[in-house]
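[1] Dropping the sequence and predicted coords here.
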Amino acid sequence: GNVGIGNTNPSRPLDVTADSGGVALKLRGRPGNDYSFLSFTQNDGSGTAWAELAGVGTSGGLRIDTAGSERMRIDSAGNVGIGYSTPIDFISVGADNLVIGPLSGNNGITVNSATTGYGALAFADGTGSSDQYRGLVQYNHTADSLALFTNASTKMTILSGGNVGIGTTSPSADLHVNSVNAQGTVIIGRTGSNIAASTGLGVISFPSDYNSSPTNYAQIRAYSNALSSLRGSLDFNVKSTSGSLLTGLTVYGTNSGANVGIGTDSPDANLDILNGTTGASLKLSATSTAYWQLQRDSATGNLNISDDALGNVMSFDQLTGNVGIGNGNPQNKLDIEQSAAVSARLLATGATSSSLKLEVKGGATQLTTTEILANSSGTLTFATGTTSSAERMRITSAGNVGIGTTSPGTFLQLGTYAATGKYINQAT
């Protein structure tokens, strides 16, 4: 009962051999009907269609239906829509060759590979070896890693553990950026216009899930500073015990460079340290127990220099300018105090003398001046005067004292009078 068309030995219920033009079967739609169907139906008398292949007359496309609904269409331009009948809708970005999904529900494509194979989506611009994958998304099932190619080489890799590598195929951290023969660079930027003062530009945060609640432990923030949108600031913030992010350090742009602030976000010096609770301090340490510390006392305003072993070594009084050595509350311009004998030293290593001057001024007018001078010959001189000083007394290296003379010949000489025994006689 096989029927043959174009042949005399049919092997199927309907066996059609193409004519000389290569056409084996041609379906024509009825006048006024836009479709020609080839239907695959169930052989139970119900006429239920399993699938249909329809030619779309006026638009020149091909439609495939299953279970009575369209599943796939090839339009006259060769574009394919799966679950979508007009793939040309996506021509604006040149992505209408294959369109999947009806704009509803969940849709996707699965590339099913062996456990030791690769799955890939390639972007080619030729048939040459590397032209076949100028761009490539490739999954390595052996290593469970994902690689992104541009210009036919790997530019980004995501390992099975989640490490991301840019410029490296073996990232050793959550994010690993590498440039060959150049510095690696990460840019966080803000585009647009009218950047005003105190406008945020970018943030890097370091959160952690603390007690099941995401908490920022640290943050680096870049912004235009409060004085001008032309100047930048960079804050380094850390979490306090209360949970708030506090600014620990600020790098602050100025007209002439950058200031650094610790405890302040508007430093007005190269290094500006602010602590209104205990007083700002600067600590120079060799170890955790061996250090020098410079601190402004928050209660008195004094500037103190202390040592781990000696305690407070020197203080500068904020109100009077008095200086105390071993004294935290100096009452004079210089107070030196210690429990043992007190000594002070003036040492000149590159000169022939050292001196101590005591001067009194009335406004800009010099009233008196007194000078005590020691020279390299071992002589100590005492000078007094008004605008300038003149020598009044000296003690030589031999212990002779001269008043009114620069060369005493005895233990005490007053001008031309010299002491003999316990008497002072006129020198001869």
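    It's in.
[2] Assign a three-state SS to residue 89, would you?
    helix (DSSP: H, G, I helix; E, B strand; the rest coil).
[3] close enough to count as contact, it and residue 96?
    Yes. Distance between residue 89 and residue 96: 7.1 Å, which falls inside the contact criterion (CB atoms under 8 Å). Quick note: C-beta positions are derived from backbone N, CA and C, even for glycine.
[4] ok, the two, which is more surrounded?
    Under the neighbour definition other CB atoms under 10 Å, residue 89 and residue 96 were set side by side, and residue 96 has more, 18 against 13.
[5] Check the secondary structure at that one for me.
    Under three-state DSSP, the three-state class of residue 96 is coil.
[6] Let me know the distance separating it from residue 72.
    Separation of residue 96 from residue 72 (CB to CB, to the nearest Å): 15 Å.
[7] can you check residue 105 too?
    Here the criterion is CB to CB. By it, residue 105 lies 17 Å from residue 72.
[8] what about the two, which has more around it?
    residue 72 (16 against 7).
[9] tally of neighbours for the closest residue to the more buried one other than its chain neighbours?
    If you skip the residues right next to it in sequence, residue 72 has residue 64 as its closest partner in space, 4.4 Å away by CB to CB, 6 or more residues apart in numbering. Residues lying near residue 64 (other CB under 10 Å) number 14.
[10] Give me the common contacts of residue 89 and residue 96.
    Common neighbours of residue 89 and residue 96, using CB atoms under 8 Å, 6 or more residues apart in numbering, do not exist here.
[11] show me the contacts for the nearest residue to residue 7 once chain neighbours are set aside.
    With sequence-adjacent residues excluded and distances taken as CB to CB, 6+ apart, residue 7 is closest to residue 17, at 4.3 Å. Residues near residue 17 by CB under 8 Å, 6+ apart: 4, 5, 6, 7, 24.
[12] now residue 82
    71, 72, 98, 99, 100, 101.
[13] same deal with residue 299?
    Residue 299 makes contact with residue 279 under the criterion CB under 8 Å, 6+ apart.
[14] Quickly note the distance from it to residue 278.
    Between residue 299 and residue 278 the distance, using CB to CB, works out to 9 Å.
[15] now swap in residue 138 and tell me
    Between residue 138 and residue 278 the computed distance is 58 Å (CB to CB).
[16] Which one of those two is surrounded by more residues?
    Applying other CB under 10 Å to residue 138 and residue 278 shows that residue 138 carries more neighbours, namely 17 against 11.
[17] okay but that one is in contact with residue 153, surely?
    No. With contact defined as CB under 8 Å, residue 138 and residue 153 do not form a contacting pair (11.7 Å).
[18] thinking again about what came up before, return the per-residue confidence for the residue nearest to residue 72.
    At residue 64, the predicted lDDT confidence score is 93.
[19] I'd assumed it was in a helix, is it?
    No. When three-state DSSP is applied, residue 64 is found to be strand, with no helix at that position.
[20] who touches it in this structure?
    By CB under 8 Å, 6+ apart, the contact set of residue 64 is 51, 52, 53, 54, 70, 71, 72, 73.
[21] can we see that at 10 Å?
    With contacts defined as CB atoms under 10 Å, 6 or more residues apart in numbering, the neighbours of residue 64 are 51, 52, 53, 54, 70, 71, 72, 73, 74, 82.
[22] Of the residues you listed - the most surrounded one?
    Neighbour counts for the contacts of residue 64 were taken using other CB under 10 Å; the highest belongs to residue 73, which has 23 neighbours.
[23] tell me which element that one is part of?
    Take DSSP states H and E as the rule and residue 73 turns out to sit in strand 69-74.
[24] That strand pairs with which strands, and in what direction?
    Its sheet considered, strand 69-74 pairs with strand 61-66 (antiparallel), strand 80-82 (antiparallel) by DSSP bridges.
[25] Which positions within stretch 61-70 qualify as buried?
    Of the residues in stretch 61-70, those with enough neighbours to count as buried (16 or more other CB atoms under 10 Å) are 61, 63, 65, 70.
[26] do the same with stretch 340-357
    For stretch 340-357, it's none, nothing buried (16+ other CB under 10 Å).
[27] Let's see it as PDB, backbone CA atoms only.
    Listed in PDB are the C-alpha atoms of stretch 340-357, where the atom choice follows Å, rounded to 0.1, in the frame of the first residue of the first chain:
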ATOM      1  CA  ALA A 340      68.500  64.700  92.900                       C
ATOM      2  CA  ALA A 341      71.000  67.600  92.200                       C
ATOM      3  CA  VAL A 342      70.000  69.700  89.200                       C
ATOM      4  CA  SER A 343      72.500  70.600  86.500                       C
ATOM      5  CA  ALA A 344      72.400  72.300  83.100                       C
ATOM      6  CA  ARG A 345      75.000  72.300  80.400                       C
ATOM      7  CA  LEU A 346      75.800  74.600  77.400                       C
ATOM      8  CA  LEU A 347      78.200  72.900  75.000                       C
ATOM      9  CA  ALA A 348      79.800  74.400  71.900                       C
ATOM     10  CA  THR A 349      81.400  71.800  69.800                       C
ATOM     11  CA  GLY A 350      82.200  74.000  66.800                       C
ATOM     12  CA  ALA A 351      83.000  77.300  68.400                       C
ATOM     13  CA  THR A 352      85.500  78.800  70.900                       C
ATOM     14  CA  SER A 353      82.900  80.000  73.500                       C
ATOM     15  CA  SER A 354      79.400  79.400  75.000                       C
ATOM     16  CA  SER A 355      77.300  82.100  76.600                       C
ATOM     17  CA  LEU A 356      74.100  82.700  78.500                       C
ATOM     18  CA  LYS A 357      72.400  86.100  77.900                       C
END
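[28] which residues touch that stretch?
    325-326, 334, 336, 369-377, 379, 381, 383, 389.
[29] Kindly report the same for stretch 116-130.
    Counting by CB under 10 Å, 6+ apart, stretch 116-130 makes contact with 109-113, 131-142, 146-147, 149-153, all of which sit outside it.
[30] Just the buried residues from these, in ChimeraX please.
    Under the burial definition 16+ other CB under 10 Å, those of those that qualify are selected in ChimeraX by:
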select :133,134,136,138,139,140,146,147,149,152
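[31] Which ones among the contacts of stretch 116-130 lie within strands?
    Using DSSP state E, the subset of the contacts of stretch 116-130 located in strands is 135, 136, 137, 138, 139, 140, 146, 147, 149, 150, 153.
[32] Among the residues you listed, which one sits closest to residue 283?
    The shortest distance between residue 283 and any of the ones in strands among the contacts of stretch 116-130, using CB to CB, involves residue 146 and amounts to 48.5 Å.
[33] What residues sit buried inside the helix or strand harbouring residue 383?
    Using DSSP H and E, the element containing residue 383 is strand 380-385. Neighbour-count burial for strand 380-385, counted by 16+ other CB under 10 Å, picks out 381, 383.
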